[in-house]
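Asker: this one's sequence-less:
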Ligand code: CO
């Protein structure tokens with residue numbers, strides 16, 4: 001009976017991964033006119049996957065298998081996790097799902113247009129309807145203390161408002177203190193990043209960096225897209241994309257390392273559990289911990305660039321030949337409040353997240369209405385980062401998430417950074433030679449450590465359980481704060 005359950009799950013995965021291939025193509029190579037039928041193809045496949053997943057046969061199999069005492073650990077996990085997702089899906093009627101899907105499409109299109117025309121009001125009209133539906137979704141799914149909890153579960157199972165409020169209160173105090181110290185010092189220069197860097201040479205550099213991280217090109221490839229992303233069709237075909245700006249090399253380098261970190265996680269998931277929860281990533285927070293760990297704890301540190309800076313200088317001798325490693329290091333770590341989240345440094349980044357978190361939490365519990373969102377957004381940017389929003393495209397219109405109906409997603413970005421700091425410190429403790437090896441260009445010990453401690457487990461543990469198991473304690477912000485204090489104290493001289 002378990003075998004039949006597995007057959008069905010693999011079939012669903014086949015359909016979902018086929019959808020993912022179409023979506024990857026849409027973002028990379030599809031000609032413009034392909035849009036219409038591509039949307040239809042994706043929607044058809046999504047419908048097929050949904051029907052298979054909610055079929056009577058699968059529901060009955062899962063119900064029976066939940067009582068089966070003969071299952072091994074992985075099998076039990078696969079059944080229990082599938083039952084959990086099914087149970088949630090059952091609470092939403094088909095009519096509700098369809099209305100949500102239409103509203104999301106409309107809001108997304110309205111957002112695109114509003115962003116083009118800098119016309120925020122047109123977007124907010126649609127967002128209002130979407131927020132009402134998200135409130136309804138939260139109440140249909142159910143929650144113990146806060147409606148937002150029902151929505152976070154989709155991205156970070158088990159995380160709650162209670163926990164996030166406490167965490168972000170500490171983040172606010174800690175980051176503010178650190179930012180004040182940085183602001184009191186002379187600013188570092190980063191103009192070296194904004195010269196003219198040939199796109200072809202950047203492309204080759206990006207590929208080489210991925211190889212040096214341990215990304216397996218026999219099980220993946222890199223292409224260009226307007227927003228960098230990672231997608232997976234199995235652990236043996238994990239694709240990344242990057243974007244190249246000829247007037248800013250920082251853009252390509254750290255988005256490439258970031259996506260590389262996501263991809264190493266996907267390539268390290270147990271391929272034998274294809275299509276099953278035991279072969280999937282734990283949560284968005286853990287996924288982001290893998291990308292951030294490579295991007296920041298490795299890729300914005302001296303050991304990594306001791307190994308790679310001479311290669312970068314050889315690639316761009318006119319631009320960087322005379323720049324010292326120490327100045328390059330300072331440039332890549334410049335801290336400065338700015339408008340755009342995705343372009344911000346690793347300190348002020350968390351202010352962007354806190355603002356979105358505060359707003360969406362209130363939108364979902366009904367203490368804030370969409371008509372007041374823009375005002376609150378602008379006020380909070382002034383209060384948290386002392387910047388004035390004069391253009392909504394650099395303000396509330398910048399991110400796609402809300403127009404996709406993704407409420408509860410943003411906090412996982414911050415969680416990822418904090419998990420990354422905690423995991424990296426543990427890796428350094430377990431492997432005292434780790435940073436020496438990285439400075440010699442050997443990233444294998446780190447990758448092996450991540451594989452054994454994190455990747456190989458699939459969804460066997462929740463994010464919180466994994467953290468406790470690997471590091472010996474719960475998620476603790478002080479790991480990130482200590483790392484940041486030390487690093488920025490050295491860079492800015494306090
Ligand atoms: Co990411």
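Answerer: Perfect, thanks for sending it. Computed from a prediction, not measured in an experiment: that's the story for all the values here. Numbers count the residues shown, from 1 in each chain.
Asker: what comes into contact with the strand or helix carrying residue 88?
Answerer: Here residue 88 sits within helix 73-90, counting by DSSP states H and E. Residues outside helix 73-90 that contact it (Cβ atoms under 8 Å, 6 or more residues apart in numbering) are 2, 5-6, 9, 53-54, 58-59, 62-63, 65-66, 68, 71, 141, 153, 273, 276-278, 459-460. C-beta: built from backbone N, CA, C; applies to glycine.
Asker: Quickly find the element holding the closest residue to residue 289 other than its chain neighbours.
Answerer: Nearest non-adjacent residue to residue 289, counting by Cβ to Cβ, 6 or more residues apart in numbering: residue 419, 3.6 Å away. In this structure, residue 419 sits in helix 411-430 according to DSSP H and E.
Asker: Give the rounded mean pLDDT of that helix.
Answerer: Averaged over helix 411-430, pLDDT sits at 98.
Asker: for the very next helix or strand once past it, packing partners?
Answerer: With elements assigned by DSSP H and E, the helix or strand that comes after helix 411-430 is helix 434-439. Here helix 434-439 touches helix 302-315, helix 411-430, helix 444-453, going by 3 or more Cβ pairs under 8 Å, 6 or more residues apart in numbering; DSSP states H and E.
Asker: Quick one, which of the ones you listed gets closest to residue 292.
Answerer: helix 411-430 (4.1 Å; Cβ to Cβ).
Asker: And the longest helix seen in the chain, what's buried?
Answerer: Criterion DSSP state H: the longest helix present in the chain is helix 2-28. Using 16 or more other Cβ atoms under 10 Å as the test for burial, helix 2-28 gives 2, 5-6, 8-9, 11-20, 22-24, 26-27.
Asker: One more: stretch 354-372?
Answerer: Of the residues in stretch 354-372, those buried (16+ other Cβ under 10 Å) are 354-364, 368, 370.
Asker: Nearest to residue 174 among the residues you listed?
Answerer: Nearest to residue 174 among the buried residues of stretch 354-372, with distances taken as Cβ to Cβ, is residue 354, at 11.5 Å.
Asker: how many degrees apart are the helix or strand where the closest one lies and helix 411-430 in direction?
Answerer: Take DSSP H and E as the rule and residue 354 turns out to sit in helix 349-365. Following axes from the mean of the first three to the mean of the last three Cα atoms, to 10 degrees, one obtains 140 degrees for the angle between helix 349-365 and helix 411-430.
Asker: Which neighbouring elements make contact with helix 349-365?
Answerer: Looks like helix 349-365 contacts helix 120-141, helix 147-152, helix 161-183, helix 373-385, helix 411-430 (3+ Cβ pairs under 8 Å, 6+ apart).
Asker: closest one to residue 288 among those?
Answerer: Across those, residue 288 has its closest neighbour in helix 411-430 (2.5 Å, Cβ to Cβ).
Asker: Between helix 161-183 and the closest one, find me the angle.
Answerer: Inter-element angle recorded for helix 411-430 and helix 161-183: 70 degrees (by the same axes, to 10 degrees).
Asker: list the buried ones in helix 411-430?
Answerer: Buried residues in helix 411-430, defined by neighbour count with 16+ other Cβ under 10 Å: 411-427.
Asker: Tell me which other helices or strands that helix touches.
Answerer: In terms of contacts (3+ Cβ pairs under 8 Å, 6+ apart), helix 411-430 is packed against helix 161-183, helix 284-292, helix 349-365, helix 434-439, helix 444-453, helix 463-471, helix 477-492.
Asker: What residue, apart from its backbone neighbours, is nearest the residue nearest the centre of the chain spatially?
Answerer: Geometric centre of the chain, nearest residue: residue 288, 4.4 Å, by Cα atoms, centre = their mean. Nearest non-adjacent residue to residue 288, counting by Cβ to Cβ, 6+ apart: residue 416, 2.5 Å away.
Asker: check contacts around that neighbour.
Answerer: Residues near residue 416 by Cβ under 8 Å, 6+ apart: 284-292.
Asker: Now do the residue nearest to the centre of the chain, the pLDDT please.
Answerer: On the pLDDT scale, residue 288 gets 98.
Asker: Please give me every residue in contact with it.
Answerer: Contacts of residue 288 (Cβ under 8 Å, 6+ apart): 262, 412-413, 415-417, 419-420.
Asker: Out of the helices and strands packed on helix 349-365, flag the one nearest residue 267.
Answerer: Set against residue 267 and scored by Cβ to Cβ, those come closest in helix 411-430, at 17.7 Å.
Asker: for that closest one, the distance to its chain's centre please.
Answerer: The chain centroid and the centroid of helix 411-430 are separated by 14 Å under Cα atoms, centre = their mean, to the nearest Å.
Asker: Check stretch 184-191 too.
Answerer: Distance of stretch 184-191 from its chain centroid, counting by Cα atoms, centre = their mean, is 29 Å.
Asker: Would you mind checking the average pLDDT for the longest helix of the chain?
Answerer: Average pLDDT, helix 2-28: 96.
Asker: Which elements pack onto that helix?
Answerer: If you count contacts as 3+ Cβ pairs under 8 Å, 6+ apart, helix 2-28 packs onto helix 35-53, helix 56-65, helix 73-90, strand 230-234, strand 237-242.
Asker: now the ones you listed in TSV, with mean pLDDT and mean neighbour count?
Answerer: Below are the helices and strands packed on helix 2-28 laid out as TSV (pLDDT from 0 to 100; neighbours: other Cβ atoms under 10 Å):
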stretch	mean pLDDT	mean neighbour count
helix 35-53	89	14
helix 56-65	97	15
helix 73-90	95	16
strand 230-234	98	21
strand 237-242	98	23
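Asker: what about those, which gets the closest to residue 101?
Answerer: The nearest among the helices and strands packed on helix 2-28, by Cβ to Cβ, is helix 35-53 at 8.6 Å.
Asker: so who does residue 157 touch?
Answerer: Residue 157 is in contact with 283, 462-463, counting by Cβ under 8 Å, 6+ apart.
Asker: Which pLDDT does the model give it?
Answerer: What the model reports for residue 157 is a pLDDT of 96.
Asker: Please, which helix or strand holds it?
Answerer: Using DSSP H and E, residue 157 falls outside every helix and strand.
Asker: Relative to residue 307, how far out is it?
Answerer: For residue 157, the distance to residue 307 equals 37 Å [Cβ to Cβ, to the nearest Å].
Asker: what's the answer for residue 193, then?
Answerer: Where residue 307 is concerned, residue 193 sits at a distance of 20 Å (Cβ to Cβ).
Asker: could the helices and strands packed on helix 434-439 go into TSV alongside distance to residue 381?
Answerer: Listed next are these as TSV, based on distance: least, Cβ to Cβ, whole Å:
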stretch	distance to residue 381
helix 302-315	32
helix 411-430	17
helix 444-453	35
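Asker: so which of those comes closest to residue 235?
Answerer: Proximity to residue 235 (Cβ to Cβ) singles out helix 444-453 among those, at 11.5 Å.
Asker: And the contacts of the closest one?
Answerer: Residues outside helix 444-453 that contact it (Cβ under 8 Å, 6+ apart) are 213-214, 264-265, 268, 290, 293, 298, 423, 426-427, 430-431, 433-434, 437-438, 470.
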